[in-house]
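Undergrad: For reference, the sequence and a predicted model appear below.
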Amino acid sequence: MPKAPSTYAGRLILVMNTVLELSAEGNLIEVARVAECLNVTERMARDYLSDLEELGLLEYQGMGVYTVNRDRLKNALMRFAVEGGIYLRPEDLVPETTYFIEKASKILKKITITTSKSIEIRERMLKTAPKEPFYGDSLVIPVDEYADSITGFSEGVLGEASIGEVRNYIVAETFPITVTYIASATALLTKQDFEETTLKFRLRPKIRSFTKRDPFDVGEPLYELSVEYPELLLLGRKMAARLLKEIERYKNLRDSLDDEPSIAITRGSLIAHGFILSMKCSVLRILMERAESIFTDTVEEYLKRGILLISIVESSRDNRFFRYVKGELKLELPEMSDVNFLIHVLRDGDATAPMKLTRERGRSVENWYEFYLRRGERVYKIEFISKKDPLEVQKTILCTLYPEFQIGGRIPVVSDAKERAKIYLWRVKKKFESVLKMTALAHLNGGIEDIVGEVVK
């Protein structure tokens, strides 16, 4: 179970100052060393360090190593010195400028729902039976409706996380090259008790040596993008990176079926959607069609084996639910996203009625459902695909996920997969940079040092 916020905040203060002390001894912050100083497990230390990374205090270098972001600390340390405090606090890392405070206040005045009004809206939602495309007897499902059946994770739970990174290089101080690095990791919970948790990992893309092996078909690992308007090139690269990440994500989920998971949890929307590609964007079109094909094959295999596949979306911008409730209850509220609306209305553990999705740009939908869950101070969108009764599937998801949320919204096995994906991506990047440098030197015949220089970090 997650720690109370006050307990965690106190621990995070200690971690922050421990990290600063270790940084004073040397530039690198190692997970194992932090765990030793705090007398906690390495897994717990990684959780704390990930929070500090989100705050901008640390930068992850790979292989379980972090460095302190000195620029990020500058203003905070100045206030720290003036105030003469004993500890640097997490809130010291939050920027405090009059301009941003005024802007935030103006925005909040426009969208804030008063406490009394939010209670009234929730009560009305509890008494309102939804219509299509929603299922159930109420727009809101309170936690006490499933609290007696909460189970949490057991052996066989699979978590997936995929990440991407775009880097720009200058070769021989002349030729620009853009490289997209992609990594996906799955973590299967194979053993869990009070003393030990054991995970099995799978990584993609696979790196294999083909030295002296014949035949070897390189295929098409590199994609060249060209557009009529140069300013659109960056957008094209980002879209390509997103689609490539989706491809590796679903290949890894499909490969992990051999491990016979009971449930699979991934991050982000189940498939990239919400945009339309021009027919002239041949490379992007090919990538999208490939991503959709692999996605369809993977989902069909999960459905055939009866394995539940769900995804947790941490920053949804949809407003379908809000628009429905606003019209159904005739609410006098300004337009806002589902998350902004529900953060005021839902209580911890509340879930919305599952909604069956229809066709959307870039997404062919069948047996696809979504609902929102509030856990702590955040609202998450949960997507799932199933041929079974969506209400029964939703209850299974709630009973499994609810007790597992950690501080910052992380989910065990998913956060473990993300950490392993970060390490793997760092290895892939270093391998490619080494090969790029050696190849450039060989072609240019030259003894030129640092022929490849990174220009965008």
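TA: Perfect, thanks for sending it. Small disclaimer: the values here were computed from a predicted structure and weren't measured. Residues are numbered from 1 along each chain as shown.
Undergrad: Please, which helix or strand holds residue 189?
TA: In this structure, residue 189 sits in strand 175-192 according to DSSP states H and E.
Undergrad: That strand packs against which elements?
TA: Judged by 3 or more C-beta pairs under 8 Å, 6 or more residues apart in numbering; DSSP states H and E, strand 175-192 is in contact with strand 157-171, strand 197-204, helix 233-255, helix 414-444. The C-beta positions use only the backbone N, C-alpha and C, and glycine is treated the same way.
Undergrad: would TSV of the ones you listed with mean neighbour count, mean pLDDT and distance to residue 67 be doable?
TA: Rendered in TSV, the data for the helices and strands packed on strand 175-192 read as follows (neighbours: other C-beta atoms under 10 Å; pLDDT from 0 to 100; distance: least, C-beta to C-beta, whole Å):
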stretch	mean neighbour count	mean pLDDT	distance to residue 67
strand 157-171	21	87	17
strand 197-204	17	89	24
helix 233-255	20	84	25
helix 414-444	17	85	13
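Undergrad: so which of these gets nearest residue 395?
TA: Distances from residue 395 to each of these were compared using C-beta to C-beta; the shortest belongs to strand 157-171, at 16.7 Å.
Undergrad: How many residues are close by residue 130?
TA: The tally of other residues near residue 130 (other C-beta atoms under 10 Å) stands at 21.
Undergrad: That one contacts residue 138, correct?
TA: Yes. Counting by C-beta atoms under 8 Å, residue 138 is a contact partner of residue 130 at 7.4 Å.
Undergrad: just to revisit the earlier point, can you pull the buried residues of the strand holding residue 189?
TA: By neighbour count on 16 or more other C-beta atoms under 10 Å, the buried set for strand 175-192 is 179, 180, 181, 182, 183, 184, 185, 186, 187, 188, 189, 192.
Undergrad: now do stretch 37-54
TA: Neighbour counts over stretch 37-54 (16+ other C-beta under 10 Å) mark 38, 40, 44, 45, 46, 47, 48, 49, 50, 51, 52, 53 as buried.
Undergrad: where exactly do the strands run in the chain?
TA: All strands of the chain, identified by DSSP state E, fall at 28-30, 58-62, 65-68, 140-141, 157-171, 175-192, 197-204, 263-267, 308-313, 351-352, 355-356, 368-375, 378-385, 452-456.
Undergrad: What sits closest to residue 254 if chain neighbours are left out?
TA: In space, not counting the residues next to it along the chain, residue 254 is nearest to residue 298; the distance is 4.6 Å by C-beta to C-beta, 6 or more residues apart in numbering.
Undergrad: May I have the residues that are in contact with the one you found?
TA: For residue 298, the residues meeting the contact criterion (C-beta atoms under 8 Å, 6 or more residues apart in numbering) are 250, 251, 253, 254.
Undergrad: Tell me the one of these nearest residue 29?
TA: Of all these, the one with the least separation from residue 29 (C-beta to C-beta) is residue 253, at 32.4 Å.
Undergrad: Tell me which residues touch that closest one, please.
TA: For residue 253, the contact set (C-beta under 8 Å, 6+ apart) comprises 160, 186, 264, 266, 298, 302, 309.
Undergrad: Between all of those residues, which two are separated the most?
TA: Farthest apart among the contacts of residue 253 by C-beta to C-beta are 186 and 302. That separation is 13.2 Å.
Undergrad: List the residues that contact residue 411.
TA: Residue 411 sits next to 159, 265, 312, 401, 404, 405 when contact means C-beta under 8 Å, 6+ apart.
Undergrad: burial of the fourth one, as a residue count?
TA: Using other C-beta under 10 Å, residue 401 has 22 other residues around it.
Undergrad: what about it, distance to residue 257?
TA: Residue 401 sits 21 Å away from residue 257 when distances are taken as C-beta to C-beta, to the nearest Å.
Undergrad: try the second one
TA: If you measure residue 265 against residue 257 using C-beta to C-beta, the figure is 14 Å.
Undergrad: Among the two, which residue is more densely surrounded?
TA: Neighbour tally, residue 265 and residue 257, criterion other C-beta under 10 Å: the higher count belongs to residue 265, 29 against 16.
Undergrad: Is the more buried one in contact with residue 308, as I believe?
TA: No. In this structure residue 265 lies outside contact range of residue 308 using C-beta under 8 Å: 9.0 Å.
Undergrad: related to what we said a few turns ago, and the strand holding residue 189, how far out from the chain's middle?
TA: Between the mean C-alpha location of strand 175-192 and the chain-wide mean there is a distance of 12 Å, by C-alpha atoms, centre = their mean, to the nearest Å.
Undergrad: What strands line up against it, and which way round?
TA: Strand partners for strand 175-192, identified by DSSP bridges, are recorded as strand 157-171 (antiparallel), strand 197-204 (antiparallel).
Undergrad: so what's in contact with residue 130 and residue 138 at the same time?
TA: Counting by C-beta under 8 Å, 6+ apart, the residues touching both residue 130 and residue 138 are residue 353.
Undergrad: what residues go with each domain of the protein?
TA: With domains defined by automatic domain parsing, the chain comprises 5-93, 143-419.
Undergrad: With distance to residue 442 added, can I get those domains in a markdown table?
TA: Formatted as a markdown table, those follow (distance: least, C-beta to C-beta, whole Å):
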| stretch | distance to residue 442 |
| --- | --- |
| domain 5-93 | 27 |
| domain 143-419 | 12 |
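Undergrad: Lowest average confidence across those, which one?
TA: For the domains of the chain, the bottom mean pLDDT is recorded on domain 5-93, which sits at a mean of 72.
Undergrad: Residue 32 and residue 49, how far apart?
TA: Counting by C-beta to C-beta, the separation of residue 32 from residue 49 is 11 Å.
Undergrad: Please disregard the earlier target; I meant residue 160.
TA: Shown here: residue 160 relative to residue 49, a distance of 22 Å by C-beta to C-beta.
Undergrad: do the same with residue 353
TA: For residue 353, the distance to residue 49 under the criterion C-beta to C-beta works out to 38 Å.
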